[in-house]
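Enquirer: Pasted the sequence and its predicted model underneath.
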Amino acid sequence: MAEFKHKHIIALRDLSKDDIELLISTAENMREINSREIKKVPTLRGKTIINLFYEASTRTRTSFEIAGKRLSADTVNITPSISSATKGETLADTALNLLAMKPDIIVMRHAVSGAHYFLANKINCSIINAGDGAHEHPSQGLLDLLTMKDHFGRLDGLKVAIVGDITHSRVARSNIQGLTKLGSSVYLAGPPTMVPPGVEKLGNVTVCTTMNEALLDADVVMMLRIQQERQGKTLMPNAREYSRYFGLNPANLKLAKPNAIVMHPGPINRGVEMSSSTVDCAQSRVMKQVENGVAVRMAMLYHVCGGELE
Amino acid sequence: MATEQTVLMDGAGIKRALTRIAHEILERNKGVTDIVLVGIRSGGAFLADGIAQQICVIEGGAVPVGAVDITLYRDDCSGQMPHHPVGNTDIPFSLEAKKVILVDDVLYTGRTIRAAMDALMDFGRPQSIQLAVLIDRGHRELPIRADFVGRNVPTSLKENVQVAFDELNQPIEVVLEK
């Protein structure tokens, strides 16, 4: 029987194929709870979950909060703009202070890649990464995998095109880790300034020179947002030119397989990386991704609570 | 260490027991009106299908059958043991004001039944919950008893009772391991 032995979920890179499949299967079975009239099970009664978000988030934070509540855990949200971080407290001090209040899980989003590994060595509760810098966003990766499995019934042998700002995308990195572990191939496309050198070494990854090359016969088209807040200096001339070369529209979507699905981790800049009509088209799974997010996060919270100290 | 195995019931014996349970359910409830069956995964869910088929043969009407996975309602989820894989709960009908026949393969401590009843309550307020089990092996730790029993088997705590199923989820035999 499959067993999940991790106390933290910081990156899909740290998980085995079996771990990822177990999390997805748990999420599939937990989805039923979200369609009940009474959307709550008593599983994590008495557990305390702290959502510590150093970066803005609506979807992920709300989703983790709902996931915790549906499992009967007590969830607390901490928004650093109104907390001590603005008064100069370090991450380690904040964490130790939170730890004194005996949480069981800290769900954290942080702008620094690897901040969670630093914290995991300092504290003894579980840590779940809700996004760290340009490193990983494992819950988004898992919900993307679940959304693909819903449509195709499998996760091996799929051609997944990921288009946009790969360099700054933790979503892309988590998807690359998850997809290649499960036997799918990833095709990346984006302006050369936004594709990190050596990204092919992460797994079964091909870097395409044009967007059309990535889209051709793709099963999944995943579009990414241009993360202007992370880029610092401009990596593209302007949004209109970007849209012309790397935007998804009904015409280039036809290059993908007829039953291909379109995904986006949100928030979407309509008219930049995706034309408005492709966001709302029948092939779009954007809302399904959000829906699956709750079940996937319930599965993550459930399994880390049973995990061992590493 | 070699375990000694004794076959308590074979496939035909199990089928006779399920047929009798089906008759008893109909007798106690005066027909199939408002009856729904819910089996506890995994063994109980297979047996619920078997009982439903027998009810259909006897009475001619189909009864709704659902399955409940009790993993999320277990009372041993705290602590650092790896959490059990979660199975699928599939109750595609309302339990409101229904007579629910909860089905399990082996009744032992009663903790599984407690968990299953908590799960059922989250799906509405049944008129009643009745418990049908293939084997009652004793050693209850909670005040729970079965309404319909295939066979009572006195056991020691060191022994184990298993109901084996084939690949079509049909019961093959009941085995006592010591």
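Expert: Arrived safely.

Enquirer: my guess is A:Leu202 contacts A:Gly178, does it?
Expert: No. The pair A:Leu202 / A:Gly178 is not scored as a contact, 11.1 Å apart, by Cβ atoms under 8 Å. In this view, the C-beta of every residue, glycine as well, is placed from N, C-alpha and C.

Enquirer: roughly how far apart are B:Asp118 and chain A?
Expert: Using Cβ to the nearest Cβ, to the nearest Å, one obtains 7 Å as the distance from B:Asp118 to chain A.

Enquirer: can you tell me which residues contact that residue?
Expert: A:42, B:73 (Cβ atoms under 8 Å, 6 or more residues apart in numbering or on different chains).

Enquirer: Would you mind giving the dihedral angles phi and psi of it?
Expert: phi -60, psi -40 (degrees, to the nearest 10).

Enquirer: Which parts of chain B are helices?
Expert: B:11-29, B:43-59, B:111-121 (DSSP state H).

Enquirer: With the stretch 1-150 of chain A instead?
Expert: A:17-30, A:59-70, A:91-99, A:115-120, A:138-152 (DSSP state H, counting those that start in this stretch).

Enquirer: Go through the ones you listed and pick out the most buried.
Expert: Comparing the helices of the stretch 1-150 of chain A by mean neighbour count (mean count of other Cβ atoms under 10 Å in any protein chain shown), helix A:138-152 comes out on top with a mean of 24.

Enquirer: what's the angle from it to helix A:59-70?
Expert: 80 degrees (axes from the mean of the first three to the mean of the last three Cα atoms, to 10 degrees).

Enquirer: and A:Leu202 and A:Gly178? which has more neighbours close in?
Expert: The neighbour comparison of A:Leu202 against A:Gly178 (other Cβ atoms under 10 Å in any protein chain shown) goes to A:Gly178, with 28 against 16.

Enquirer: Tell me who's in contact with B:Ile70.
Expert: B:40-41, B:112, B:115-116, B:119.

Enquirer: what's the answer for B:Ile55, then?
Expert: B:Ile55 sits in contact with B:22, B:25-26, B:32, B:35, B:37, B:61, B:63, where contact means Cβ under 8 Å, 6+ apart.

Enquirer: which stretches of the stretch 51-200 of chain A have low pLDDT?
Expert: The stretch 51-200 of chain A contains residues with pLDDT under 70 at A:81-86.

Enquirer: TSV for the contacts of B:Ile70, including neighbour count?
Expert: Formatted as TSV, the contacts of B:Ile70 follow (neighbours: other Cβ atoms under 10 Å in any protein chain shown):
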residue	neighbour count
B:Ile40	24
B:Arg41	18
B:Thr112	22
B:Ala115	21
B:Ala116	25
B:Ala119	22
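
Enquirer: So for those residues, which is the shakiest by pLDDT?
Expert: When the contacts of B:Ile70 are compared by pLDDT, B:Arg41 scores lowest at 92.

Enquirer: Pull out the buried positions in the helix or strand in which A:Tyr245 is found.
Expert: According to DSSP states H and E, A:Tyr245 maps onto helix A:239-246. Buried residues in helix A:239-246, defined by neighbour count with 16 or more other Cβ atoms under 10 Å in any protein chain shown: A:242-243, A:246.

Enquirer: Can you list the buried residues in the next helix or strand after that helix?
Expert: Counting by DSSP H and E, the element after helix A:239-246 in chain order, helix or strand, is helix A:250-253. Neighbour-count burial for helix A:250-253, counted by 16+ other Cβ under 10 Å, picks out A:252-253.

Enquirer: Now do helix A:250-253, average pLDDT.
Expert: Rounded mean pLDDT across helix A:250-253 is 96.

Enquirer: now for that helix, which elements pack on it?
Expert: Using 3 or more Cβ pairs under 8 Å, 6 or more residues apart in numbering or on different chains; DSSP states H and E, the elements in contact with helix A:250-253 are helix A:211-215, helix A:276-279.

Enquirer: For the first one, what is the distance to the chain centroid?
Expert: I take that to be helix A:211-215. Counting by Cα atoms, centre = their mean, to the nearest Å, helix A:211-215 is centred 23 Å from the centre of its parent chain.

Enquirer: Tell me how far the residue minimising distance to the centre of chain B lies from B:Met9.
Expert: In chain B, the centroid-proximal residue (Cα atoms, centre = their mean) is B:Asp104; its distance is 1.2 Å. Counting by Cβ to Cβ, to the nearest Å, the gap from B:Asp104 to B:Met9 is 15 Å.

Enquirer: what's the answer for B:Ala67, then?
Expert: 23 Å.

Enquirer: Dump the contacts of B:Ile70 into a markdown table; add distance to B:Glu167 as well.
Expert: Compiled in a markdown table, the contacts of B:Ile70 are given as follows (distance: Cβ to Cβ, whole Å):
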| residue | distance to B:Glu167 |
| --- | --- |
| B:Ile40 | 20 |
| B:Arg41 | 17 |
| B:Thr112 | 24 |
| B:Ala115 | 28 |
| B:Ala116 | 25 |
| B:Ala119 | 27 |
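
Enquirer: Give the bridge partners for A:Val220, please.
Expert: Beta bridges link A:Val220 to A:Val160, A:Ile261, judged by DSSP bridges.

Enquirer: In this structure it contacts A:His264, no?
Expert: No. Counting by Cβ under 8 Å, A:His264 is not a contact partner of A:Val220; they are 11.3 Å apart.

Enquirer: quick one: which of these two has more around it?
Expert: A:Val220 (27 against 24).

Enquirer: Kindly check the end-to-end length of stretch A:110-125 for me.
Expert: 17 Å (Cα to Cα, to the nearest Å).

Enquirer: try stretch A:109-125
Expert: 16 Å.

Enquirer: If you count neighbours, what's buried in the helix ranked longest in chain A?
Expert: The single longest helix within chain A, with elements called by DSSP H, is helix A:286-305. Neighbour-count burial for helix A:286-305 flags A:286, A:288-305 (criterion: 16+ other Cβ under 10 Å).

Enquirer: out of these, which touch chain B?
Expert: A:299, A:302-303, A:305 (Cβ under 8 Å from any Cβ of the partner chain).

Enquirer: Farthest pair within the residues you listed?
Expert: A:Ala299 and A:Cys305 (11.0 Å; Cβ to Cβ).

Enquirer: Now for B:Glu27, how many residues are close by?
Expert: So B:Glu27, with other Cβ under 10 Å, has 9 neighbours.
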